[in-house]
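Engineer: kindly return the folded structure for what I paste below:
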Amino acid sequence: MRSFAGRVFVGWLLWSWSAVVCQAAAAEVGASDQPEVIETPEVFISATKTETPVRHVTSAVEIITGEQMQQRKLKTVVEALRLAQGLAVFQSGGPGTLAQVRMRGGTPQQTLVLIDGAIVNSATDGKWLADFIYVHHIQRYTEGVGHRQPFYYYFMTLPADFMPWTVFAIPAVFAYFPYRRLKQRPIPLFFFLCFLVVFVFFSLSDTKRDLYLLPLLPTVALLVGNYIDDLAQNQLPESGLYRWLIPFYFCAVAGVGLALPAVAWIVRRETFWITLPAAVALTVGGIVTVVFFRQRRHSRLVTAVTLLMTSTLVCVSIWILPYMNQFKSRRPFSLQVKKIVPATAPLYVYADGMHDFNFYTKREVIPVLSSPDDVANVLRQPILSYLLIADRDLKKLSMFGPKEVVMTDSVGSTTWNLIAVRAESRAEGMSIETGH
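Structural biologist: The predicted structure is shown next:
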């Protein structure tokens, strides 16, 4: 009896164990039939074709995913690029026509487009390299394409751009006359030739802008520094121009500092306390500079001028520029837009990809409508939307009347309007003036 019961128990134990093993094997086989899902981190393919995680990329990278395009019902790359920050996308016609993409401060010819590492710029016309070299360099220099100025333009702008060191540069130029002496001094000769070649080259061009001469400023600064060092070591005599120009200029600076609060009190009384720190910096800096000049302490003279410039710039940056910002910045208008437009309501801007409304309104993206057709598509949507549009562009669109204008604000020479794009204003018999 015991042996029979023992055999029954052993048999039951073996059967239970085999059932567990078979179930585990079946589960493993079933799991092997399902595809393995591997989640990878979001990567960015760099210029070296090396996969790099986005969080490790030091440059500014923005990725528009397929999920975002599906949520916004975007069908083309052009529509997706309009979501990117700092990009202006312009298309001359409907789908399939040539589109231009330019980044903030650049031109379409300066935008590089790659697909899987291959350059596809201007795939339809192949003009990118020719336009970049010929139009934006050779033609701009020889034919004055934009910013046309007379030959003497830099003679007026460079002295103003280099202030207050211009009052030292002028005596420095005359101090090395006659030029036989300059040939014997290689350092001033090098600075002089560098300045002369660049200055004459850009002066001969019809296209002139102040920023073109930025490479000259270090050269002039080194020339001035060499001149002051020669004066400190008594290797050059002080000319009459130097003895009269320096004290006259910095006495005038001190005088401007004394007069600034009085002028502010008369013109705009609320700016009196705003201008007072800058006035103190100008007055004290001008007087101290004149004192060091009269004592012939050239190193302290340079230090005083440097501190004068630094303190004045700090005072202007902290007090004066924020006050002036309200007369030219879009920030006050943007804050009003933020209060009026609900966070869930669509907000668009018309034909201006270089705006700052998204920054001030704290919106991640404000899509750009680049044509009247895009505006018509928004009008067909059965929801309330809002449109930011400049006054010059509003005159070209006859679909909006005064009743749709929610708010208007003039910023500098541009007047901006906030338009309520209502569902009832869609569009039977809507006429659009293209402005051609």
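
Engineer: next, give phi and psi for Leu87.
Structural biologist: phi -110, psi 140 (degrees, to the nearest 10).

Engineer: may I see the buried residues of the helix or strand hosting Asn417?
Structural biologist: Taking DSSP states H and E as the criterion, Asn417 maps to strand 414-421. Across strand 414-421, burial judged by 16 or more other C-beta atoms under 10 Å covers Trp416, Asn417, Leu418, Ile419, Ala420, Val421. From N, CA and C alone the C-beta is placed, and that goes for glycine too.

Engineer: which non-adjacent residue is nearest the residue most central in space within the chain?
Structural biologist: Of all residues in the chain, the one closest to the mean position by C-alpha atoms, centre = their mean is Arg104, 5.8 Å from it. Residue nearest to Arg104 in three dimensions, not counting chain neighbours: Gly86, with 4.3 Å by C-beta to C-beta, 6 or more residues apart in numbering.

Engineer: so the one you found touches Val101, yeah?
Structural biologist: No. Here Gly86 does not reach Val101: they are 10.8 Å apart, not a contact under C-beta atoms under 8 Å.

Engineer: one step back: surely the residue nearest to the centre of the chain meets Gln110?
Structural biologist: No. Look at Arg104 against Gln110 with C-beta under 8 Å: they stay out of range, at 11.0 Å.

Engineer: what segments of the stretch 101-250 of the chain are helices?
Structural biologist: Assigned by DSSP state H, counting those that start in this stretch, the stretch 101-250 of the chain shows helices spanning 128-130, 140-142, 153-161, 166-175, 179-183, 186-203, 216-232, 240-267.

Engineer: would you convert these into CSV that also reports mean pLDDT and distance to Val77?
Structural biologist: Shown next, in CSV, are the helices of the stretch 101-250 of the chain (pLDDT from 0 to 100; distance: least, C-beta to C-beta, whole Å):
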stretch, mean pLDDT, distance to Val77
helix 128-130, 59, 17
helix 140-142, 72, 30
helix 153-161, 91, 42
helix 166-175, 91, 51
helix 179-183, 66, 59
helix 186-203, 86, 39
helix 216-232, 90, 42
helix 240-267, 95, 53
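
Engineer: out of these, which is closest to Val337?
Structural biologist: Closest approach to Val337 among the helices of the stretch 101-250 of the chain is made by helix 240-267 (31.3 Å; C-beta to C-beta).

Engineer: which elements pack onto the closest one?
Structural biologist: Applying 3 or more C-beta pairs under 8 Å, 6 or more residues apart in numbering; DSSP states H and E, one finds that helix 240-267 makes contact with helix 166-175, helix 272-294.

Engineer: for that helix, buried residues please.
Structural biologist: For helix 240-267, by 16+ other C-beta under 10 Å, it's Tyr242, Leu245, Ile246, Pro247, Tyr249, Phe250, Val253, Ala254, Gly257, Leu260, Pro261, Ala264.

Engineer: columns distance to Ala80 on top of the helices of the stretch 101-250 of the chain, output as a markdown table?
Structural biologist: Shown next, in a markdown table, are the helices of the stretch 101-250 of the chain (distance: least, C-beta to C-beta, whole Å):
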| stretch | distance to Ala80 |
| --- | --- |
| helix 128-130 | 21 |
| helix 140-142 | 32 |
| helix 153-161 | 42 |
| helix 166-175 | 50 |
| helix 179-183 | 60 |
| helix 186-203 | 41 |
| helix 216-232 | 42 |
| helix 240-267 | 51 |
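
Engineer: so which of those gets nearest Gly401?
Structural biologist: helix 240-267 (40.2 Å).

Engineer: what does the strand holding Asn417 contact?
Structural biologist: 330, 333, 337, 340-341, 348, 375, 378-379, 384-392, 394, 400, 404-410 (C-beta atoms under 8 Å, 6 or more residues apart in numbering).

Engineer: so for it, mean pLDDT?
Structural biologist: Here strand 414-421 scores 89 as its mean pLDDT.

Engineer: same question for stretch 300-314.
Structural biologist: Mean predicted confidence for stretch 300-314 is 95.

Engineer: per-domain residue ranges of the protein.
Structural biologist: Per automatic domain parsing, the domain ranges recorded for the chain read 45-142, 153-325, 331-425.

Engineer: what about the stretch 301-436 of the chain, any weak spots by pLDDT?
Structural biologist: Low-confidence segments of the stretch 301-436 of the chain (pLDDT under 70): 353-354, 412, 423-436.

Engineer: which residues in it form strands?
Structural biologist: 347-350, 368-369, 385-390, 405-411, 414-421 (DSSP state E, counting those that start in this stretch).

Engineer: now those strands as a markdown table including distance to Ala221?
Structural biologist: Listed next are those as a markdown table, based on distance: least, C-beta to C-beta, whole Å:
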| stretch | distance to Ala221 |
| --- | --- |
| strand 347-350 | 42 |
| strand 368-369 | 42 |
| strand 385-390 | 41 |
| strand 405-411 | 36 |
| strand 414-421 | 37 |
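
Engineer: do you know which of those strands lies nearest Gln149?
Structural biologist: Going by C-beta to C-beta, the one of those nearest Gln149 is strand 414-421, 24.4 Å.

Engineer: what's the angle from the closest one to strand 385-390?
Structural biologist: Angle, strand 414-421 to strand 385-390, by axes from the mean of the first three to the mean of the last three C-alpha atoms, to 10 degrees: 160 degrees.

Engineer: strands paired with strand 414-421, and their directions?
Structural biologist: Using DSSP bridges, strand 414-421 pairs in its sheet with strand 385-390 (antiparallel), strand 405-411 (antiparallel).

Engineer: and it, how far out from the chain middle?
Structural biologist: Offset of strand 414-421 from its chain centre (C-alpha atoms, centre = their mean, to the nearest Å): 24 Å.

Engineer: ok, now stretch 328-342?
Structural biologist: Distance, stretch centre to chain centre, for stretch 328-342: 20 Å (C-alpha atoms, centre = their mean).
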